[in-house]
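>>> What shape does this take:
(chains A, B and C)
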Amino acid sequence: MYQFPHKNILDTDQFSKEDLDFIIQKTNVMKELLHSGKSFGMLHGKLLASLFFEASTRTRLSFESAMERLGGRVISTVGFQFSSISKGETLYDTMKMIEAYADIAVIRHPVEGSSRIAAGAVKMPVINAGDGAGQHPTQALLDMYTIKSEKGKLDGITVGFIGDLKYGRTIHSLIKLLKYYKIHLYLISPEELVLPDSYKRDVDGYPLTFEETRDIKKIWECDVIYVTRIQEERFPDHKEYDRLKETYKVNKELILASKKHTTVLHPLPRVSELSTDVDDLPNAAYFRQAEYGVIVRMTLLCLCLGVEIKEL
Amino acid sequence: MYQFPHKNILDTDQFSKEDLDFIIQKTNVMKELLHSGKSFGMLHGKLLASLFFEASTRTRLSFESAMERLGGRVISTVGFQFSSISKGETLYDTMKMIEAYADIAVIRHPVEGSSRIAAGAVKMPVINAGDGAGQHPTQALLDMYTIKSEKGKLDGITVGFIGDLKYGRTIHSLIKLLKYYKIHLYLISPEELVLPDSYKRDVDGYPLTFEETRDIKKIWECDVIYVTRIQEERFPDHKEYDRLKETYKVNKELILASKKHTTVLHPLPRVSELSTDVDDLPNAAYFRQAEYGVIVRMTLLCLCLGVEIKEL
Amino acid sequence: MYQFPHKNILDTDQFSKEDLDFIIQKTNVMKELLHSGKSFGMLHGKLLASLFFEASTRTRLSFESAMERLGGRVISTVGFQFSSISKGETLYDTMKMIEAYADIAVIRHPVEGSSRIAAGAVKMPVINAGDGAGQHPTQALLDMYTIKSEKGKLDGITVGFIGDLKYGRTIHSLIKLLKYYKIHLYLISPEELVLPDSYKRDVDGYPLTFEETRDIKKIWECDVIYVTRIQEERFPDHKEYDRLKETYKVNKELILASKKHTTVLHPLPRVSELSTDVDDLPNAAYFRQAEYGVIVRMTLLCLCLGVEIKEL
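Numbering: from 1, shown residues only, chains lettered A, B, ... in the order given. As a prediction, this is how the structure comes out:
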């Protein structure tokens, strides 16, 4: 019988398709447990150390909400108020101390790879909440779960990624999960911001197929689009930025012109690439994404702590 | 039958006399529930988002204490660590996210009117814990409740406001609640700091009557005095400030010279306008004010969440 | 019959030998309660105000963990976000407010003696978590308890203090507790950093005996060594610092050369005075110290609140 084989959640590469299907299934159960009020108490007596070495308020609040919704408790810290770290303490030593205080840790850190160092120092489970330019695996899992929940399936759908596919971290992580499914993917971006080759090679031999395009109208063929921000600082020429910003802007008119009911995702925060006039459409799933995020994190906290998620 | 009609607590203008009487009555019940240990558990499973976009430690701790005393849980954040806000996210978007994490929000924000914007974005209840030069309604409610508790009644008493009546925010909010009661109000201040006309017009046609004076000895006719700080920066002439500071200073001698048992309130923090030699007198109610504050906020959290406050 | 006579934990001088034996005994019981899952709920409904006027993340998390492990709740604040303090409010006034919010307070403050002022302002118990160059009594208690737990006894053992005995605050506090026991103490330090005379006089007439030495090889006669950091800024001559740093460095080779099983303690954070190659030895107790710390603090929270710690 399948058993979830992970103590830590460190990066998206650690998951097999079986793992992903299991996480989706257990999150479905968790959603019902939450809505029926039965989740509260599942982590009674458990203590989460919420370690944000750099501020990321919404990710922190999402994890802390997840823990509290399970009846667990949280001890929390933000920023380099870790005075011992400013005195030169290693992350290894810090984590050895933290292990005495809690049962599980969530860690956000500016340096890539630090969540792996943290996990290596301790016996308790560690969840990576973003480390520098590195991974943010729970964001990818919640994005995947959002698509599954909104469309009812992953196999057989068409997805569009729009905007900055070169630097967009959430896109890079998500593609590593979606590759296991029969998804057709449009990579819609300006030439300057196309998906790096390493990510394209990574999906080679998997069910996912993809197609690069400059044309935003391709979203009319998509069941789901995932919009990302185009950052001004990537462009030496300001005029070029302004032109592209307007070209890759998603608004209500564009969405309603599609024959499909195109679900709109965005990792948020948004600036101008996603118009607020989309908010009122049932297509807009980006605020629901935050709700799915809490439930996915509830599931992961339980799985890492070895607490069974039983159907009602 | 009367039903509390408010989902949000945004400003003092939203309350009718019936609302205020109901809040007072329910806070009396809550006080007994708290002291008998029965309040713990009333908000079991509920989660408060404590959103302090600017620091206000005592208001934050008061609300968080209120929530914890009810058995609820808190997720908390202070300052512009909201990295997404520094990236240009709107308060609307932020609140839509927060709604996924909690059941009710308390918000402190430097910009006037922002609590109303926050409340408009979400279905969950929102309580304004101070927005800029704007409202701080729970402070006014706890001040009103303190007077009622200390004197046993509001109708028929004489109250004195002392100090900076021009800029004192707590005074401005409190008068909007006290106007419903047969209170005689002395407005005791230097000429430079009299109550603005708009607040005087506001009480027109209500049971409250008022009288302006320069003479601090009028406090000898008061059942309750509310002392506020005179701020140095309001005076171009430093000597003038020094003179007034001494003139409008409340100390033990002044209090004991009154034939009445004059209850002394102060929103705190104090500087020199209220002498520490008053602290030992039974008249000093300003530290008890903090206790009443927690109980009033417990009541408001329950009312906004639709949780009934039943007598023992 | 013995009754714990302290409401507050303010400094190490407040304890008699009887108090220390009682704390050790009750902490043994608490350890079993924690490991059997029975501690959770002992402080149900109680609220801790965790007041860190200066950041000290690990001490804060240790106390907050202790409170949560007992089923209590925490309201927490870090830094001079106490806006009212920046407006000139006294610690006395601040504490009078805080008393309305919580049942017990832990206070860390940059100014020596401030925990005593805080305790004097309120009826609730106050625990000093370090005030300036002053006391940090719970650190001393956990160090003592660690030695007792690791060696099974205090009477009859040999202990070595190594490094900066002149400025090392933890050493100064610990010696005030150990003096009650038949311990032989080696004070191993460079001449520039010997223990100040006042601490030597303080143990006069007590069972503890001591011997000063420059020779780090004396640790081979010790059952326990307590290593502290030598701080560069104490030395005008950089070369002298480098020489001493190497002389008073504890590493695996040195430890294994001893015939005794020498237990190694360190208050952490460490820099170079304690080599990481010691970590894997069973002798290394410095990470276990953090665990003992939580349990000692659980015991103290219960004792101060008058909650009985009953054997299973």
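
>>> Pull up the per-residue confidence for residue A:268.
Per-residue pLDDT puts residue A:268 at 89.

>>> ugh, wrong one, I meant residue A:83
The per-residue pLDDT reported for residue A:83 equals 47.

>>> Tell me the secondary structure at the one residue in the stretch 151-300 of chain A that gets nearest to chain C.
The nearest approach of the stretch 151-300 of chain A to chain C comes at residue A:298, 18.8 Å away (C-beta to the nearest C-beta). For glycine as for every other residue, the C-beta is placed from the backbone atoms N, C-alpha and C. Judged by DSSP: H, G, I helix; E, B strand; the rest coil, the three-state class of residue A:298 is helix.

>>> what pLDDT does it get?
98.

>>> Count the neighbours of it for me.
Neighbourhood size, residue A:298 [other C-beta atoms under 10 Å in any protein chain shown]: 28.

>>> what sits against it?
Residues near residue A:298 by C-beta atoms under 8 Å, 6 or more residues apart in numbering or on different chains: A:30, A:34, A:39, A:66, A:69-70.

>>> Mind listing residues that contact stretch A:104-115?
Under the contact criterion C-beta under 8 Å, 6+ apart, stretch A:104-115 has outside partners A:10, A:46-54, A:56, A:59-60, A:63, A:91, A:95, A:98-99, A:118, A:122, A:124-135, A:301, A:304-305.

>>> Quick one: mean pLDDT over it.
Mean pLDDT, taken over the full extent of stretch A:104-115, equals 94.

>>> Now it: buried residues?
A:104-109, A:113-115 (16 or more other C-beta atoms under 10 Å in any protein chain shown).

>>> same question, stretch A:223-232
The neighbour-count check on stretch A:223-232 (16+ other C-beta under 10 Å) flags A:223-231 as buried.

>>> Phi, psi for the residue nearest to residue A:154 when sequence neighbours are not counted please.
Spatial nearest neighbour of residue A:154, chain neighbours left out: residue A:181 (4.0 Å); criterion: C-beta to C-beta, 6 or more residues apart in numbering or on different chains. Main-chain torsions, residue A:181, degrees, to the nearest 10: phi -110, psi 160.

>>> What is the neighbour count of residue A:181?
Neighbour tally, residue A:181, other C-beta under 10 Å: 21.

>>> residues in contact with it?
Listed by C-beta under 8 Å, 6+ apart, the contact set of residue A:181 reads A:154-155, A:207-208.

>>> Check what pLDDT it gets.
What the model reports as pLDDT for residue A:181 is 98.

>>> do you know how far it is from residue A:196?
Counting by C-beta to C-beta, to the nearest Å, the gap from residue A:181 to residue A:196 is 21 Å.

>>> Could you do residue A:140 as well?
Counting by C-beta to C-beta - residue A:140 and residue A:196 are separated by 17 Å.

>>> Repeat that for residue A:218.
Distance, residue A:218 to residue A:196, using C-beta to C-beta: 20 Å.

>>> If you count surrounding residues, which of those two has more?
Set residue A:218 next to residue A:196 and count neighbours by other C-beta under 10 Å: residue A:218 wins out with 17 against 12.

>>> excluding its backbone neighbours, what's nearest that one?
Per C-beta to C-beta, 6+ apart, closest to residue A:218 is residue A:186, 4.7 Å.

>>> Give me the three-state assignment for residue A:149.
With three-state DSSP as the basis, residue A:149 sits in helix.

>>> residues touching it, list them.
Contacts here follow C-beta under 8 Å, 6+ apart; on that basis residue A:149 touches residue A:292.

>>> Now do the strands for chain A: every range, in order, please.
A:47-52, A:73-78, A:104-109, A:126-131, A:158-162, A:184-188, A:209-213, A:224-227, A:263-265 (DSSP state E).

>>> May I see the ones you listed organised as JSON lines, with distance to residue C:278 added?
What follows is the strands of chain A, written out as JSON lines (distance: least, C-beta to C-beta, whole Å):
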{"stretch": "strand A:47-52", "distance to residue C:278": "25"}
{"stretch": "strand A:73-78", "distance to residue C:278": "27"}
{"stretch": "strand A:104-109", "distance to residue C:278": "24"}
{"stretch": "strand A:126-131", "distance to residue C:278": "24"}
{"stretch": "strand A:158-162", "distance to residue C:278": "50"}
{"stretch": "strand A:184-188", "distance to residue C:278": "52"}
{"stretch": "strand A:209-213", "distance to residue C:278": "52"}
{"stretch": "strand A:224-227", "distance to residue C:278": "50"}
{"stretch": "strand A:263-265", "distance to residue C:278": "50"}
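
>>> Skipping its backbone neighbours, what lies nearest residue A:91 in space?
Ranked by C-beta to C-beta, 6+ apart and with sequence neighbours excluded, the top spatial neighbour of residue A:91 is residue A:117, at 5.4 Å.

>>> hang on, the one you found packs against residue A:96?
No. If you go by C-beta atoms under 8 Å, residue A:117 and residue A:96 don't touch, sitting 11.7 Å apart.

>>> Contact distance from chain B - what residues of chain A qualify?
Residues of chain A lying close to chain B (C-beta under 8 Å from any C-beta of the partner chain) are A:37, A:40, A:55-58, A:60-62, A:64-65, A:68-69, A:74, A:76, A:78-79, A:268-271, A:276, A:287-288, A:290-291, A:293-294.

>>> Would you list the buried entries among those residues?
Buried among the residues of chain A next to chain B by 16+ other C-beta under 10 Å: A:40, A:55-58, A:60-62, A:64-65, A:68-69, A:74, A:76, A:78, A:268-270, A:287-288, A:290-291, A:293-294.

>>> What's the local residue count around the residue nearest to residue A:5 when sequence neighbours are not counted?
Nearest non-adjacent residue to residue A:5, counting by C-beta to C-beta, 6+ apart: residue A:19, 7.3 Å away. Other residues within reach of residue A:19, judged by other C-beta under 10 Å, total 18.

>>> With residue A:214 instead?
The burial count for residue A:214: 12, using other C-beta under 10 Å.

>>> residue contacts, it?
By C-beta under 8 Å, 6+ apart, residue A:214 lies in contact with A:188-191.

>>> can you redo the residues you listed as TSV with distance to residue A:245?
Formatted as TSV, the contacts of residue A:214 follow (distance: C-beta to C-beta, whole Å):
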residue	distance to residue A:245
A:188	14
A:189	13
A:190	10
A:191	15
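
>>> need the contact list for residue A:99.
By C-beta under 8 Å, 6+ apart, residue A:99 lies in contact with A:105, A:121-124, C:287, C:290.

>>> Tell me how far it lies from chain B.
Remark: distance between residue A:99 and chain B (C-beta to the nearest C-beta, to the nearest Å) = 23 Å.

>>> ditto for residue A:258
24 Å.

>>> Out of the contacts of residue A:298, the closest to chain B would be?
Of all the contacts of residue A:298, residue A:69 has the smallest distance to chain B: 6.9 Å, by C-beta to the nearest C-beta.

>>> wait, what's in contact with the closest one?
Residue A:69 neighbours (C-beta under 8 Å, 6+ apart): A:34, A:39-40, A:294, A:298, B:47.

>>> same deal with residue A:96?
So, once contact is read as C-beta under 8 Å, 6+ apart, residue A:96 ends up touching A:121-122, C:287, C:290.

>>> For it, give its distance to chain B.
27 Å.

>>> for stretch A:18-37, what is the average pLDDT?
97.

>>> list the buried ones in it?
Per 16+ other C-beta under 10 Å, stretch A:18-37 contains these buried residues: A:19-24, A:26-31, A:33-34.

>>> same check, this time on stretch A:299-307
Buried residues in stretch A:299-307, counted by 16+ other C-beta under 10 Å: A:299-305.
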